[in-house]
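[1] Okay, structure incoming, though there's no sequence with it:
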Ligand SMILES: NC(=O)c1ccc[n+]([C@@H]2O[C@H](COP(=O)([O-])OP(=O)(O)OC[C@H]3O[C@@H](n4cnc5c(N)ncnc54)[C@H](O)[C@@H]3O)[C@@H](O)[C@H]2O)c1
């Protein structure tokens, strides 16, 4: 039986996961809906009052997931599409979330997924460019540091790239940082939000604990430990799943949370700010033209890219380690798509 608080969280549109403002006609597609992330993500999006129509696509299993999820008693319509129905799945969509691709096994880095996932993401982006060129694209497929530049280059080639509408989902790093900090300081996660900047893999993940009222008190060994855990938290899950994949449930939560933030922004809500990996001017002069920082989301998608703010000496070191790695990851994506 679900705990009473869980029932409330699922039922209440104003819960922390889903805040709602004025409902508009918002069709959301999930590409990779049959997978470990795709299935729970589809369920969570079905529970989001800001999603009015849900289009589920995968090369296998999406019609079954759609039939199942469609019985949930919320307002949105759900349709599943088989492998040869990608174009139909994308018709009229406002937001496309992409968790398609293979996940890590123990011992693998996210970059090891490049060879398989790069072409999957490129092909899906090509279809979005053709059928729904104005859609906002939210990339979950790893390595995010490379797959986002691949999507950008693919859209650019098709002549439809708008940097305000492309996002790498780094929300899981934010969710982990927030939860881990709450554990360390003995507070509720609602009171320990952490901004995480950079990219989405090991050393490119840069948590800014000094900018958090609870985080700035964490020093010495405790600081080293929590930073390592935020950067490599994904490995804990990969190891515990022992060959059966990487984070799926917490990622689905993070994906649904980011999608809800974007939809609130698109619906005109002001002040929706969250970290995400976007085309960014912040380090472009160093050849790093994608970077995650706090971004204000609005009716056009990216409304304002916030600066990184003041860093502690430790955070400056983390950033110094992040930048060259991120630069390599971005270049790899661009080279692939060239
Ligand atoms: N951004 C993040 O924080 C984050 C976190 C965890 C996992 N991930 C990544 O998300 C991706 C998916 O992970 P998962 O655990 O759900 O994997 P999974 O193998 O369980 O599911 C992937 C799904 O993608 C589908 N797929 C493959 N090629 C496709 C295509 N061309 N079109 C449509 N669907 C296609 C598969 O059929 C499968 O159902 C992986 O790349 C993983 O590394 C990202």
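    Cool, got the structure. Model, not experiment: these values are computed from the prediction.
[2] Show me where the stretch 51-200 of the chain has its strands.
    All strands of the stretch 51-200 of the chain, identified by DSSP state E, counting those that start in this stretch, fall at 53-57, 77-81, 95-98, 136-139, 166-168, 196-198.
[3] Dump those to a markdown table, plus mean neighbour count and distance to the ligand.
    C-beta coordinates here come from the backbone N, C-alpha and C atoms, glycine included. What follows is the strands of the stretch 51-200 of the chain, written out as a markdown table (neighbours: other C-beta atoms under 10 Å; distance: least, C-beta to the nearest ligand atom, whole Å):
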| stretch | mean neighbour count | distance to the ligand |
| --- | --- | --- |
| strand 53-57 | 27 | 6 |
| strand 77-81 | 20 | 10 |
| strand 95-98 | 26 | 8 |
| strand 136-139 | 26 | 8 |
| strand 166-168 | 28 | 7 |
| strand 196-198 | 28 | 11 |
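[4] Make CSV out of those and add distance to residue 147.
    Putting the strands of the stretch 51-200 of the chain into CSV (distance: least, C-beta to C-beta, whole Å) gives the following:
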stretch, distance to residue 147
strand 53-57, 17
strand 77-81, 22
strand 95-98, 8
strand 136-139, 5
strand 166-168, 7
strand 196-198, 16
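[5] Same list (those strands) but as TSV, adding mean pLDDT.
    Formatted as TSV, the strands of the stretch 51-200 of the chain follow (pLDDT from 0 to 100):
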stretch	mean pLDDT
strand 53-57	98
strand 77-81	98
strand 95-98	98
strand 136-139	98
strand 166-168	98
strand 196-198	98
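[6] Residue 58 and residue 33, how far apart?
    According to C-beta to C-beta, to the nearest Å, residue 58 stands 5 Å off from residue 33.
[7] Give the residues shared as contacts by these two.
    residue 65 (C-beta atoms under 8 Å, 6 or more residues apart in numbering).
[8] out of the two, which sits in the more crowded spot?
    Between residue 58 and residue 33, counted using other C-beta atoms under 10 Å, residue 33 has the larger neighbour count: 31 against 27.
[9] Count the neighbours of the residue of the chain found nearest the ligand for me.
    In the chain, the residue that lies nearest the ligand is residue 35 (2.0 Å; C-beta to the nearest ligand atom). Residues near residue 35, counting by other C-beta under 10 Å, number 28.
[10] Got the phi and psi for the residue nearest to it when sequence neighbours are not counted?
    What sits nearest to residue 35 in space, not counting adjacent residues and going by C-beta to C-beta, 6 or more residues apart in numbering, is residue 99, at 6.1 Å. Backbone torsions of residue 99, given as degrees, to the nearest 10, read phi -110, psi 20.
[11] Could you double-check that residue 99 lies in contact with residue 34?
    No - at 9.9 Å, residue 99 does not count as touching residue 34 under the criterion of C-beta atoms under 8 Å.
[12] Please say which of these two ends up with more neighbours.
    residue 99 (28 against 22).
[13] what residues are up against the more buried one?
    Here residue 99 is in contact with 30, 31, 32, 33, 35, 37, 38, 41, 140, 141, 251, 255 (C-beta under 8 Å, 6+ apart).
[14] Highest neighbour count among these?
    residue 30 leads those on contacts (other C-beta under 10 Å) with 34 neighbours.
[15] before we move on, what SS does that residue have?
    Following DSSP: H, G, I helix; E, B strand; the rest coil, the label given to residue 30 is strand.
[16] Contact residues of this structure facing the ligand?
    Residues of the chain lying near the ligand by C-beta under 6 Å from any ligand atom: 31-32, 34-38, 58-60, 99-104, 113, 117, 120, 123-124, 140-142, 144, 169, 172, 200, 245-248, 251.
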